[in-house]
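A.B. asks: Next come a sequence and a model predicted from it.
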Amino acid sequence: MERPGSRAHGPGKRLSRDERLRNELALCDRWGIPHSLFRGIGDGTWTARDRAKARAYLEYQRTLCPQCSTRYDDWDHGGEGQEDAYAVTVQRCVGCQVIADRQDQLGRDGVDTNGVKVGLIPAAAAAALQAQRELAGHRHRITDDD
């Protein structure tokens, strides 16, 4: 069985070479719009060409590794003089580190972490939520004293 995008001139071949088109089709996929509308030349109806591009994009996505998003064909498979298309890089995301640290702390504190999701919100939003909780608590205390 032939892998998607492996034919010399078949559907999806351009996607492996054209990063701009891949990015445009990714946005179209996300927004659920035809490529012609994205390009400003359509009226929002899906043309045969739009459908062909959407199918080709889907087939291209199926060639990507679900974990690292690279394609098998992009790697050097032992050929002489061929370079890999990717290099390994290491970076630390402070947000992911803070989330992981908080998850670890919850576990050490004896909190049942099943189903618990730790996320990030902007500091200003957190401060506003805290002020709202304090205000609601203050109003409750005033009502209790009356």
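C.D. replies: Structure's in. What do you need?

A.B. asks: ok, for residue 107, nearest residue in space, not its chain neighbours?
C.D. replies: Of all residues not flanking residue 107 in the chain, residue 113 sits nearest, at 5.4 Å (CB to CB, 6 or more residues apart in numbering). C-beta: built from backbone N, CA, C; applies to glycine.

A.B. asks: er, residue 121 actually
C.D. replies: That would be residue 129: by CB to CB, 6+ apart, it lies 8.0 Å from residue 121.

A.B. asks: where in this structure is pLDDT low?
C.D. replies: Along the chain, segments meeting pLDDT under 70 span 1-13, 77-80, 82, 139-146.

A.B. asks: Put the alpha carbons of the host helix or strand of residue 95 into PDB.
C.D. replies: In the assignment (DSSP states H and E), residue 95 maps to helix 94-108. Extracted C-alpha coordinates of helix 94-108, given in PDB (Å, rounded to 0.1, in the frame of the first residue of the first chain):
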ATOM      1  CA  VAL A  94       8.600  27.700  32.700                       C
ATOM      2  CA  GLY A  95       4.800  27.300  32.500                       C
ATOM      3  CA  CYS A  96       5.000  23.600  32.200                       C
ATOM      4  CA  GLN A  97       7.600  23.400  34.900                       C
ATOM      5  CA  VAL A  98       5.400  25.400  37.300                       C
ATOM      6  CA  ILE A  99       2.400  23.200  36.500                       C
ATOM      7  CA  ALA A 100       4.500  20.000  37.100                       C
ATOM      8  CA  ASP A 101       5.900  21.400  40.300                       C
ATOM      9  CA  ARG A 102       2.300  22.200  41.600                       C
ATOM     10  CA  GLN A 103       1.100  18.700  40.600                       C
ATOM     11  CA  ASP A 104       4.000  17.100  42.500                       C
ATOM     12  CA  GLN A 105       3.200  19.300  45.500                       C
ATOM     13  CA  LEU A 106      -0.400  18.300  45.500                       C
ATOM     14  CA  GLY A 107       0.600  14.700  45.500                       C
ATOM     15  CA  ARG A 108       3.000  15.200  48.400                       C
END
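
A.B. asks: That'll do, ta.
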